[in-house]
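Visitor: one predicted model, sequence on top.
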Amino acid sequence: MAEYEYDYDPQQDYMGQEDEWEREGLLDPAWERQQRKTFTAWCNSHLRKAGTQIEFIEEDFRNGLKLMLLLEVISGERLPKPDRGKLRFHQIANVNKALDFIASKGVKLVSIGAEEIVDGNVKMTLGMIWTIILRFAIQDISVEESSSKEGLLLWCQRKTAPYKNVNVQNFHTSWKDGLAFCALIHRHRPELIPNYHELRKDDPIGNLNLAFEIAEKYLDIPKMLDAEDIVNTARPDEKAIMTYVSCYYHAFSGLQKAETAANRICKVLRVNQENERLMEEYERLASDLLEWIRKTIPWLENRTRDNTLPGTQHKLEEFRDYRRKHKPPKLEDKSKLEIIFNTLQTKLRLSNRPAYMPSEGKMVADIANAWKKLEFAEKGFEEWLLAELRRLERLDHLARKFKHKSDIHEEWTEGKEVMLQDTDFKNCNLYELKALRKKHEAFESDLAAHQDRVEQIAAIAQELNNLEYNDADAVNERCQRICDQWDRLGALTQKRRNALDEAEKILERVDQYHLEFAKRAAPFNNWMDGAKEDLVDMFIVHTMDEIQGLIDAHEAFKMTLPEADKEFNAIMMCITEVQRIVQQLDLKGVTINPYTNITGEELKQKWQDVNNLVPQRDSVLQQEMVRQQNHERLRRQFAQKANSVGPWIEKQAEAIATIGMQMQGTLEDAMLKLKNMEAQIMAYKPNMDELETYNQAIQESLVFENKHTQYTMETLRVGWEQLLTSIARTINEVENQILTREAKGIPEEKLQEFRASFSHFDKVRQSTLQASHSQV
């Protein structure tokens, strides 16, 4: 987007101040409304000459066509042919042509671009029109020695000066009551407002409307302002007022020419007075200037040195003050003298009067020669001052550079000697020592890198000595101190390197012992844990074979103890070696084994526990062997008796059953046999009692199995009880048979038949018939 700045020649300074586009002002709706109306009317006053007009200022200039036409009308020049397309880039091109034309007239548009005009930006459009108004309607206004805004204001002041009720000081509040407009009309065309003196200051709207209507009707000045807007606004828009007032100026400019002619006579008188004043001022200025030059040249020719940078800088500041403060006014006086002289000669020549001749020694050429000597002395003084300053600045630069580098170096070396003398590696393990070694290698690299700085410090010190620096002794002392410290750092660095290398070898050996300890201690520790667990393990055995197996296993374990003792001593030797190295070299960081949590004291205690538990285990196993031998005796004793009692009970039970089932002879014979057998059974009871005694001893000894017999006390008891029951039942049956026989008179043969049948069906020998057979 093309952007322009509005800029006039140096005589238009107010454009950079009051008349610069007041963007904040546009934010005031009242001002914007006044400017819209005024600028629109002003544009239409020119566009109607081309047979057209605008209605909305921000819309009708967007395509650039009417804007180019307006510029052609007010300038009387032809602009480049416009683009007739309706696209945006055509519009931008046309507006740019208009802006380029404005710029060609020496105007710069600040922050006003073609895109903003095409986009209908009210603020930018009003700013552009105001710029055009300034350039083509106000800039050329000239009253006496004032132009543009000041000229227009001076013109208004001059024209309204006779009117006591009018005081024009600006282009806003001074016009609110309307009397200033009426006064301008009355001053040039009194017949248009014959009753001017009847106008009242308290009727601003009436006054304004009267002036606007008369100007529009008789002076061809369109109505550009609204009376109500001006009155109701605390500060009417200055640009709108200036635009409208400029139309008055141009309307009455013809009348002003006549007035100018009337003032020419007075001007001649003023010229003569002015010439006299200029002659006096020239003489005064020339004397003052020559006297100043006479006093200044000796100061400029002084070459006294104080050999210090601050002093020389002070002289330079004085010289700069001379250049900035003292010389410019004198240079202005010199220029003013030449201007006065030339102006005076021109005025005298134009007035056909003799040329002016200054006093002796005060001619323009005399002043020029004196000024030339001043500048020659000034140049020499400046060259000497700069050379001296460069020399001192070089020394100061070197001194500051020396101090800066020395400060950095000393800051870097601070604490380094203490660090290098530290024996911290004695408190490290191997990995920490390797880290220290890496750190030391990094320090060695850093030390080598700082070698250049030390050499630079020495070189700077040498140059300061060569240039005879005023504080060279202090520099040399500090440089020597730095060099001596550097040598010490080098020696200490090598010494620490050797110490770290030696410590690393020692710690690697210690680390090997730690690693060997960890490798052998872990399985040995586990073996001892298992051994302790086995040695204190509770066992339950029931036979001699079981306890003998445990004793054999324990003996086999005892056979491994010599080898285990060798392993224990080898493991403890690792700890002993580490302790010896630690005590010998006063090391503190390697007492803890990084590879295992097992300690020598722990192993020693466990090994002692194992050795103490072995004889205890021997004793326990022997005691158990004695107990098992006693159990075996009890088993054999019980088995021997049970193996005789059991078969006897079975034999007696079989005999009783045989008697009951296969009875031979009479019932009385059978009864007799049974009674005899009952007596034998009862006589055998002490054998059962003896077995009960054996069984009680076995139970008290918690013996549960007996491989020497198939009989248990329970089975023998049951057999004995069944034997007693069987003999009693059989005796009872025989007795019942005898009673039945006697009661029923059944013959013996019949009873034999019944007994045979019953035995046939009593398969289980329970002396009862089975249900299935009884049903049959």
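Guide: Structure received. Residues are numbered from 1 along each chain as shown.

Visitor: give me the buried positions along the helix or strand where residue 30 lies.
Guide: Assessed by DSSP states H and E, residue 30 sits inside helix 29-47. Going by neighbour count (16 or more other Cβ atoms under 10 Å), the buried part of helix 29-47 is 31-32, 34-47. From N, CA and C alone the C-beta is placed, and that goes for glycine too.

Visitor: the helix or strand just after it packs against which elements?
Guide: Next along the chain after helix 29-47, taking DSSP H and E as the criterion, comes helix 57-60. Contact here means 3 or more Cβ pairs under 8 Å, 6 or more residues apart in numbering; DSSP states H and E; on that basis helix 57-60 packs against helix 29-47, helix 122-133.

Visitor: kindly export helix 57-60 (C-alpha atoms) in PDB.
Guide: In PDB, the C-alpha atoms belonging to helix 57-60 read as follows (Å, rounded to 0.1, in the frame of the first residue of the first chain):
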ATOM      1  CA  ILE A  57     -17.300  12.300   0.500                       C
ATOM      2  CA  GLU A  58     -16.100   8.900   1.700                       C
ATOM      3  CA  GLU A  59     -18.000   7.100  -1.100                       C
ATOM      4  CA  ASP A  60     -17.800   9.300  -4.200                       C
END
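
Visitor: pull out the buried positions in that helix.
Guide: 57, 58, 60.

Visitor: now that helix: average pLDDT?
Guide: For helix 57-60, mean pLDDT is 84.

Visitor: so which residues make contact with that helix?
Guide: Helix 57-60 is contacted from outside by 36, 39, 40, 43, 54, 66, 120, 121, 122, 125, 126, 129, using Cβ atoms under 8 Å, 6 or more residues apart in numbering.

Visitor: in contact with the fifth one, which residues?
Guide: It refers to residue 54. So residue 54 contacts 40, 43, 44, 47, 60, 61, 66 (Cβ under 8 Å, 6+ apart).

Visitor: distance of the nearest residue to it once chain neighbours are set aside from residue 47?
Guide: Nearest non-adjacent residue to residue 54, counting by Cβ to Cβ, 6 or more residues apart in numbering: residue 60, 3.8 Å away. The gap separating residue 60 from residue 47 is 9 Å, by Cβ to Cβ, to the nearest Å.

Visitor: okay, and the common contacts of these two?
Guide: 54, 66.

Visitor: isn't residue 412 up against residue 449?
Guide: No. Here residue 412 does not reach residue 449: they are 10.2 Å apart, not a contact under Cβ atoms under 8 Å.

Visitor: who's more crowded, these two?
Guide: Applying other Cβ atoms under 10 Å to residue 412 and residue 449 shows that residue 412 carries more neighbours, namely 13 against 9.

Visitor: what separation do you get for the more buried one and residue 42?
Guide: 77 Å.

Visitor: and for residue 79?
Guide: 19 Å.

Visitor: cool, and residue 282?
Guide: From residue 282 over to residue 42 (counting by Cβ to Cβ), the distance is 47 Å.

Visitor: cool, residue 211 as well?
Guide: Residue 211 is 17 Å from residue 42, by Cβ to Cβ.

Visitor: could you look up the SS state of residue 352?
Guide: Three-state assignment for residue 352 (DSSP: H, G, I helix; E, B strand; the rest coil): coil.

Visitor: how many residues are close by it?
Guide: 6.

Visitor: just the one 10 residues further on next, same as before
Guide: Close neighbours of residue 362, defined as other Cβ under 10 Å, add up to 17.

Visitor: residues contacting it?
Guide: 282, 283, 286, 287, 290.

Visitor: look up phi and psi at it.
Guide: In this entry, residue 362 is assigned phi and psi values of phi -120, psi 20 (degrees, to the nearest 10).

Visitor: ok, how many other residues are close to the residue nearest to residue 187 when sequence neighbours are not counted?
Guide: Among residues not flanking residue 187 along the chain, residue 159 sits closest, at 4.8 Å (Cβ to Cβ, 6+ apart). Neighbour count for residue 159, taken as other Cβ under 10 Å: 24.

Visitor: what of residue 496?
Guide: Around residue 496 there are 21 other residues, counting by other Cβ under 10 Å.

Visitor: secondary structure element holding it?
Guide: Using DSSP H and E, residue 496 falls in helix 472-535.

Visitor: looking at the contacts of residue 54, which is nearest residue 276?
Guide: residue 43 (50.6 Å; Cβ to Cβ).

Visitor: so how far is stretch 172-183 off the chain centroid?
Guide: Centroid separation between stretch 172-183 and its chain, computed with Cα atoms, centre = their mean, to the nearest Å, is 66 Å.

Visitor: next: stretch 35-43.
Guide: 58 Å.

Visitor: the stretch 151-300 of the chain: helices as residue ranges?
Guide: For the stretch 151-300 of the chain, applying DSSP state H, counting those that start in this stretch gives helices covering 179-188, 204-218, 227-232, 238-301.

Visitor: which strands and helices sit next to the first one?
Guide: If you count contacts as 3+ Cβ pairs under 8 Å, 6+ apart, helix 179-188 packs onto helix 148-160, helix 204-218, helix 238-301.

Visitor: who touches residue 239 in this structure?
Guide: Neighbours of residue 239 in contact, by Cβ under 8 Å, 6+ apart: 22, 35, 38, 130, 133.

Visitor: list the contacts for the nearest residue to residue 205 once chain neighbours are set aside?
Guide: Computed as Cβ to Cβ, 6+ apart, the closest residue to residue 205 that is not its neighbour in sequence is residue 227, at 4.5 Å. Contacts were defined as Cβ under 8 Å, 6+ apart; by that measure residue 227 touches 178, 204, 205, 208, 209, 212.

Visitor: any idea which of the residues you listed has the most stuff around it?
Guide: residue 208 (25 neighbours).

Visitor: if we can go back for a sec, which one of the helices of the stretch 151-300 of the chain lies nearest to residue 676?
Guide: helix 227-232 (162.8 Å).

Visitor: tell me the most buried of the helices and strands packed on helix 179-188?
Guide: helix 148-160 (a mean of 21; mean count of other Cβ atoms under 10 Å).

Visitor: wait, doesn't residue 697 sit right on residue 631?
Guide: No. Under the criterion of Cβ under 8 Å, residue 697 makes no contact with residue 631, lying 9.8 Å away.

Visitor: the two: who's more crowded?
Guide: residue 631 (23 against 16).

Visitor: any weak-confidence spans in the stretch 501-650 of the chain?
Guide: 589-590 (pLDDT under 70).

Visitor: likewise for the chain?
Guide: Of all residues in the chain, those with pLDDT under 70 make up the ranges 1-28, 145-146, 254-269, 307, 589-590, 662-664, 746, 748-776.

Visitor: what's the first helix or strand after the helix or strand hosting residue 398?
Guide: Per DSSP H and E, residue 398 falls inside helix 364-413. For helix 364-413, the following helix or strand on the C-terminal side (DSSP H and E) is helix 416-421.

Visitor: tell me how many other residues surround residue 702.
Guide: If we define neighbours as other Cβ under 10 Å, then residue 702 has 10 of them.

Visitor: residue 65 contacts residue 82, correct?
Guide: Yes. Contact criterion Cβ under 8 Å: residue 65 and residue 82 qualify, at 5.6 Å.

Visitor: any shared contact partners between those two?
Guide: By Cβ under 8 Å, 6+ apart, the residues touching both residue 65 and residue 82 are residue 94.

Visitor: my read is residue 320 is in a helix, agree?
Guide: Yes. Assessed with three-state DSSP, residue 320 lies in a helix.

Visitor: show me what contacts residue 232?
Guide: Counting by Cβ under 8 Å, 6+ apart, residue 232 makes contact with residue 30.

Visitor: that one and residue 710, how far apart?
Guide: Residue 232 is 141 Å from residue 710, by Cβ to Cβ.
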